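Asks: mind looking at a prediction? Sequence and model below.
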Amino acid sequence: MNNRTESTPPTNEVKGKSLSLTFAEGARSVTGANFLLEATDTTGKKEKVVRILIDVGLKQGQQFCESSNNKPFTYDAHTVDAVFFTHAHADHIGLFPKLAKEGFTGTAYATPPTSALIPVMLADSVSIIGREAAKCSQEPPYTREHIEQAMALLQPLEYKKTVVVHDTFSVTFYNAGHILGSALVLVEVWGTKILFTGDLGRTPAILLPDPEVPEVEGGIDYLITESVYGNRKHEEVSESEEALLKSVRHTTERKGTLLIPSFSLERTQIILEAFDRFIREGLIEPVPVFLDSPLATKVTEIYKLNTHYMRENLKEQFARGDDPFSFPRLKVTYTREDSKEIDETVGTKIIIAGAGMSHGGRIRSHEKTYLPDPNASLLLVGYQVPGSLGRRLQDGNKTVVIDRKKVKVRATISKTGGFSAHADRDDLVAFAEEVATKGRAHSGENPLEVFVALGETEASAFLAQRISGFLGIKTTVPQKGERFELPLMS
Ligand SMILES: [Zn+2]
């Protein structure tokens, strides 16, 4: 890792143009993606400054009142000309209504699936935010009316279609393979090319085409990469599918209940598709599976309306009229009353419900009912943040407190990490390597420089060491709030 500020030559002043990148949030932290690019042109009669943001995400996993969610942005929202969203997870879009509330009136761009998912995800997080703010007697950062205000500014932009902002920034989305509609953002300004990964998917991705490094003449000059799993290696998908099969068979043998706390966006669809395949291939007999998550249900509907963004095999399956997210004995529950009917189903049953870390949602009431049952099992299919109920279960606690009630844990708890929608350490290094080489036909071309963000400090630092050590690429792990002048590469 180099100390970039010491080794960077001054901005190309000759042309009277300069470019800067500010990590307003999302540096040394997994959540809160919020990056500002400012292009300044002093060659005309009047200085011209154009500003774009990549993502306006919510900070998660810490006490709401101590987070930056409820503090003013570090830039003036009025002066931002456009926003580009990488994908619809709350930690990338969750403060968009606050940006509108604080005066942003430009255009926000997202791919068509992301544009469809954003209002659904915002409607879900606004109530959580409201409750959290009330706990510490604060006003929430925005309300439902600000969501409407923000949505009026949102415009869909297809992959590989370029938008030009005030004759300065040319911006194009490419598939990131993380969740439906997720995008890498390529920004070109005065001959300099900057690529933001947002969150990067695994290779191979499970439901989506693999991430695609854009082919750019002369290569990309700056890469801003995520590093959520910058220091970890995932299990293979096949190992996770084996773990899921094992849990289902164990549950069937005992005529018990299997609980799967699942994130609504992408993870739930990955699990549903796996069940569909297992049944089709005769690996399991159909048993009652309840999808007990209104949010996951809405999200799954959006997936079904956007099938052409998925992997070839899934597109073909949809084209045959076979829905990969539906299978015999799947029951989708809508109301809380429907949800209660689950308990009346005797014998083997599987319940998929949010939230993924059991920190809210309908899974908690199922956990109260079934964790004391020695014939029940619970399979954790995602990361469990320290302090969450899911983490306490993962750590093997024999008693947990749910909604102020002590609950004995006699159910079998297991976990598997291979269903992750995130690139791991090796995927991230391979991606940086491809970005460093693609499009560079001549050895004399400007080398790539990498900023490692969107990860805990340890993960970001580890990845930065790998990229600089293995690939000889200059890397920086920025601090939150840090601003960098990016020398122009024209
Ligand atoms: Zn994400």
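Replies: Received, thanks.

Asks: who are the neighbours in contact with the residue nearest in space to the middle of the chain?
Replies: The centre of the chain sits closest to residue 89, judged by C-alpha atoms, centre = their mean, with a distance of 4.6 Å. Counting by C-beta atoms under 8 Å, 6 or more residues apart in numbering, residue 89 touches 57, 121, 179, 199, 265. Using the backbone N, CA and C atoms, a C-beta is placed for each residue, glycine as well.

Asks: run the last query once more with 10 Å
Replies: Counting by C-beta atoms under 10 Å, 6 or more residues apart in numbering, residue 89 makes contact with 31, 33, 55, 57-58, 60, 114, 117, 121, 178-179, 182, 198-199, 263, 265-266, 421.

Asks: ok, residues contacting the helix or strand containing residue 315?
Replies: Assigned by DSSP states H and E, residue 315 falls within helix 312-319. By C-beta under 10 Å, 6+ apart, the residues outside helix 312-319 that reach it are 206-209, 269, 273, 276-277, 280, 303-304, 307-311, 322-325.

Asks: for it, output the C-alpha coordinates as PDB.
Replies: What follows is helix 312-319, C-alpha atoms only, in PDB (Å, rounded to 0.1, in the frame of the first residue of the first chain):
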ATOM      1  CA  GLU A 312     -28.900 -18.200 -19.700                       C
ATOM      2  CA  ASN A 313     -30.100 -21.300 -18.100                       C
ATOM      3  CA  LEU A 314     -32.700 -19.400 -16.000                       C
ATOM      4  CA  LYS A 315     -33.800 -17.400 -19.000                       C
ATOM      5  CA  GLU A 316     -34.400 -20.600 -20.900                       C
ATOM      6  CA  GLN A 317     -36.300 -22.100 -17.900                       C
ATOM      7  CA  PHE A 318     -38.600 -19.000 -17.800                       C
ATOM      8  CA  ALA A 319     -39.000 -19.200 -21.600                       C
END
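
Asks: tell me the mean pLDDT for it?
Replies: Averaging pLDDT along helix 312-319 gives 97.

Asks: contacting residues around residue 167?
Replies: Counting by C-beta under 10 Å, 6+ apart, residue 167 touches 41, 48, 50.

Asks: which of those residues sits closest to the ion?
Replies: Nearest to the ion out of the contacts of residue 167 is residue 50 (C-beta to the ion; 27.2 Å).

Asks: which residue, other than its chain neighbours, is closest to the closest one?
Replies: Of all residues not flanking residue 50 in the chain, residue 168 sits nearest, at 4.2 Å (C-beta to C-beta, 6 or more residues apart in numbering).

Asks: verify the contact between the one you found and residue 18 for me.
Replies: No: in this structure, residue 168 is not within contact of residue 18 by C-beta atoms under 10 Å, at 12.0 Å.

Asks: which parts of stretch 347-362 are buried?
Replies: Neighbour-count burial for stretch 347-362, counted by 16 or more other C-beta atoms under 10 Å, picks out 348-359, 361-362.

Asks: got the end-to-end distance for that stretch?
Replies: 21 Å (C-alpha to C-alpha, to the nearest Å).

Asks: does the ion sit close to that stretch?
Replies: No: contact of stretch 347-362 with the ion (C-beta under 5 Å from the ion) is absent, the minimum separation being 12.1 Å.

Asks: where does the prediction get shaky in the chain?
Replies: Applying pLDDT under 70 to the chain picks out residues 1-14, 62, 490.

Asks: burial of residue 203, as a residue count?
Replies: Using other C-beta atoms under 10 Å, residue 203 has 14 other residues around it.

Asks: so how far is the ion from it?
Replies: From residue 203 across to the ion, the span is 16 Å (C-beta to the ion, to the nearest Å).

Asks: could you confirm residue 100 falls within a strand?
Replies: No: Residue 100 is assigned helix when assessed by DSSP: H, G, I helix; E, B strand; the rest coil, not a strand.

Asks: so residue 109 lies in a helix, does it not?
Replies: No: going by three-state DSSP, the assignment for residue 109 is strand, not a helix.

Asks: from residue 283, how far off is the residue lying closest to it once chain neighbours are set aside?
Replies: Nearest non-adjacent residue to residue 109, counting by C-beta to C-beta, 6+ apart: residue 157, 4.3 Å away. For residue 157, the distance to residue 283 equals 40 Å [C-beta to C-beta, to the nearest Å].

Asks: more neighbours: the two, which one.
Replies: The neighbour comparison of residue 157 against residue 283 (other C-beta under 10 Å) goes to residue 157, with 23 against 14.

Asks: now the helices for the chain?
Replies: Here the chain has its helices, by DSSP state H, at 4-7, 90-93, 96-101, 112-135, 144-151, 237-254, 267-280, 294-305, 312-319, 336-344, 363-370, 389-394, 425-437, 457-471.

Asks: can you redo those helices as TSV with mean neighbour count and distance to the ion?
Replies: Listed next are those as TSV, based on neighbours: other C-beta atoms under 10 Å; distance: least, C-beta to the ion, whole Å:
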stretch	mean neighbour count	distance to the ion
helix 4-7	10	26
helix 90-93	26	6
helix 96-101	25	15
helix 112-135	19	11
helix 144-151	17	19
helix 237-254	17	18
helix 267-280	21	11
helix 294-305	19	13
helix 312-319	14	20
helix 336-344	13	27
helix 363-370	21	20
helix 389-394	21	18
helix 425-437	19	14
helix 457-471	19	15
